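Engineer: got a sequence here, can you build the structure:
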Amino acid sequence: MVRETIAIMNSSSIRRAVRFIVSSVLVAGFLTSCVSTKNVALSSADKAVMRGKTVTVTHREKPHHWVMKQSAMAAASLGGAVGGAIAGAVAEKEGAEQIRIHQIGDPNLTLSKACEKDLLSKTGLKPVASRGTTTSLDPKEVAAQNAHADYVLDCFTTAWFGTYYPFSIGKYFMIYAAKMQLIETSTGRVVAEGFSNYQGKDRANAPDYDGIYSNGAAFLKSETKTGTDMAIGTFTKQF
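Structural biologist: This is a model prediction of the structure:
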């Protein structure tokens, strides 16, 4: 059965699962290694030349959401890389199903809409529609994929998952992290950037696994909103 399961999992699923396992055990002080975690405000010099120029907002795929059950994590630790890959793939599949069932929207869109509105009001930039889906995280590549505008505003989720409190039985919390980069497309230069990382800390009122998705996934929706609101507040301070 294990061999059959591994056979139907592609390498992408395994890589995502491994990233998930690493993220789950590094709960305290979570940071993402694939993007800058700096907050850099837009300079007055850059802001002065923006009025009348154009900006587009990236379109990215909806981020993955998952929650690793405490029992699955224990089993994964005994199964090594193979066990971790299987547990991670199962968690990702269950997470996607919960997002579908409860019709939870794309947090990337929430970030992008709020930040674009704030950016336009502060700079006088003119919006133009996005073209295609942005896939790279590298600023120069993001600029190249959105070269039809003078600037590109890139807001995206870097982590959206749940895990259990250490030394607690069946109590879970959420982590939500996001990144913003405002890029001059002609040069690929990042003119403003931000990073936000929210981690639930209310252990006394933490739900069990089923409680994350009960009442229409009220807990997940509330924690996601808290995380995205925090990110928007951080990002808009950079404009």
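
Engineer: Lys38 and Lys201, how far apart?
Structural biologist: Counting by CB to CB, to the nearest Å, the gap between Lys38 and Lys201 amounts to 24 Å. C-beta here means a position set from N, CA and C on the backbone, and glycine is covered the same way.

Engineer: let me redo that: Phe161
Structural biologist: Phe161 sits 16 Å away from Lys201, going by CB to CB.

Engineer: these two: who's more crowded?
Structural biologist: Using other CB atoms under 10 Å, the more surrounded residue of Phe161 and Lys201 is Phe161, with 22 against 9.

Engineer: what kind of secondary structure is the more buried one in?
Structural biologist: Assigned by DSSP: H, G, I helix; E, B strand; the rest coil, the conformation of Phe161 is strand.

Engineer: which residues does it bridge with?
Structural biologist: Beta-bridge pairing of Phe161, defined through DSSP bridges, involves Trp66, Ile175.

Engineer: how about the nearest residue to the residue nearest to the spatial centre of the chain, chain neighbours excluded?
Structural biologist: When CA atoms, centre = their mean is applied to the chain, the residue found nearest the centroid is Thr157 (1.8 Å). Using CB to CB, 6 or more residues apart in numbering and skipping the chain neighbours, the partner closest in space to Thr157 is Pro63 (3.9 Å).

Engineer: contact partners for that neighbour?
Structural biologist: Shown in contact with Pro63 (CB atoms under 8 Å, 6 or more residues apart in numbering): Asp106, Pro107, Asn108, Phe156, Thr157, Trp160.

Engineer: again, only using 10 Å
Structural biologist: Ile99, Asp106, Pro107, Asn108, Phe156, Thr157, Thr158, Ala159, Trp160, Phe161, Tyr176, Ala178 (CB atoms under 10 Å, 6 or more residues apart in numbering).

Engineer: the third one: neighbour count?
Structural biologist: Read that as Pro107. Burial measure for Pro107: 22 neighbouring residues, criterion other CB under 10 Å.

Engineer: in the strand or helix carrying the residue nearest to the centre of the chain, what's buried?
Structural biologist: For Thr157, the host element (DSSP states H and E) is strand 151-164. When neighbours are counted by 16 or more other CB atoms under 10 Å, the buried residues of strand 151-164 are found to be 151-164.

Engineer: and of those, the nearest to Lys113?
Structural biologist: Taking CB to CB as the measure, Lys113 sits nearest to Cys155 out of the buried residues of strand 151-164, at 9.1 Å.

Engineer: list the contacts for the nearest residue to Thr134 once chain neighbours are set aside?
Structural biologist: When the adjacent residues along the chain are set aside, Thr134 lies closest to Thr58, with 4.0 Å between them (CB to CB, 6+ apart). For Thr58, the contact set (CB under 10 Å, 6+ apart) comprises 108, 112, 130, 132-136, 142, 145-146, 152-156, 181, 183.

Engineer: and the closest residue to Glu223 other than its chain neighbours, how far from Thr110?
Structural biologist: Once flanking residues are discounted, Glu223 sits nearest to Met174: 4.0 Å by CB to CB, 6+ apart. Here the distance between Met174 and Thr110 works out to 15 Å (CB to CB).

Engineer: before we move on, what about Thr54?
Structural biologist: From Thr54 over to Thr110 the distance is 23 Å, taken as CB to CB.

Engineer: for these two, indicate the residue with more neighbours.
Structural biologist: In terms of neighbours (other CB under 10 Å), Thr110 is the more surrounded of Thr54 and Thr110; the figures are 20 against 15.

Engineer: measure the more buried one to Thr58 for me?
Structural biologist: In this view, Thr110 and Thr58 are 14 Å apart by CB to CB.

Engineer: spit out the residues that contact these two alike.
Structural biologist: Taking CB under 10 Å, 6+ apart as the criterion, Thr110 and Thr58 both touch Cys155.

Engineer: no further queries at this time; thank you.
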